[in-house]
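Asker: 3D, please:
(one chain, ligands or ions: 1)
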Amino acid sequence: MMEYEIIDASTNESFTCREDEPLLSAMKRTHKGPIQYGCGGGGCGVCKIEVLSGEYNAFKNMSRAHVSEEERKNNIVLSCCIKPTSNLTIKKFSQN
Ligand code: FES
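Answerer: Next comes the predicted model:
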């Protein structure tokens, strides 16, 4: 089982996420990362993050209500809907 290092560029903290683990679950497990709470099922949009580098698998469809086509192209994703396939650098999503 692979484990990847996830760096949160917002805080410069890092944590690990297994390849079979949704990123949001790893944030909850480690109490690190930009998001603490959310529905966990792609429905609320609060777990939105920006992936600055690295590869991931979007294992669950992200609702267009929460992630636009444009955002998706720019690696803005719902962290409950992705699993890492490499080390990642992420940061909290901000509108600016
Ligand atoms: S936690 Fe609600 S959409 Fe991800």
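Asker: Please make it C-alpha for all contacts and neighbour counts, starting now.
Answerer: Will do.
Asker: residues in contact with the nearest residue to residue 9 once chain neighbours are set aside?
Answerer: Leaving aside its sequence neighbours, residue 9 sits nearest to residue 91 (CA to CA, 6 or more residues apart in numbering; 5.2 Å). Listed by CA atoms under 8 Å, 6 or more residues apart in numbering, the contact set of residue 91 reads 8-10, 33-34, 49-52.
Asker: Wasn't residue 91 part of a strand?
Answerer: Yes: assessed with DSSP: H, G, I helix; E, B strand; the rest coil, residue 91 lies in a strand.
Asker: if we can go back for a sec, ranking by neighbours, what's the top pick from the contacts of residue 91?
Answerer: Scoring these on neighbours with other CA atoms under 10 Å, the highest-scoring entry is residue 33 at 25 neighbours.
Asker: Surely that residue is in a helix?
Answerer: No: counting by three-state DSSP, residue 33 is not part of a helix but coil.
Asker: What residues does the chain have near the ligand?
Answerer: 38-47, 78-80 (CA under 6 Å from any ligand atom).
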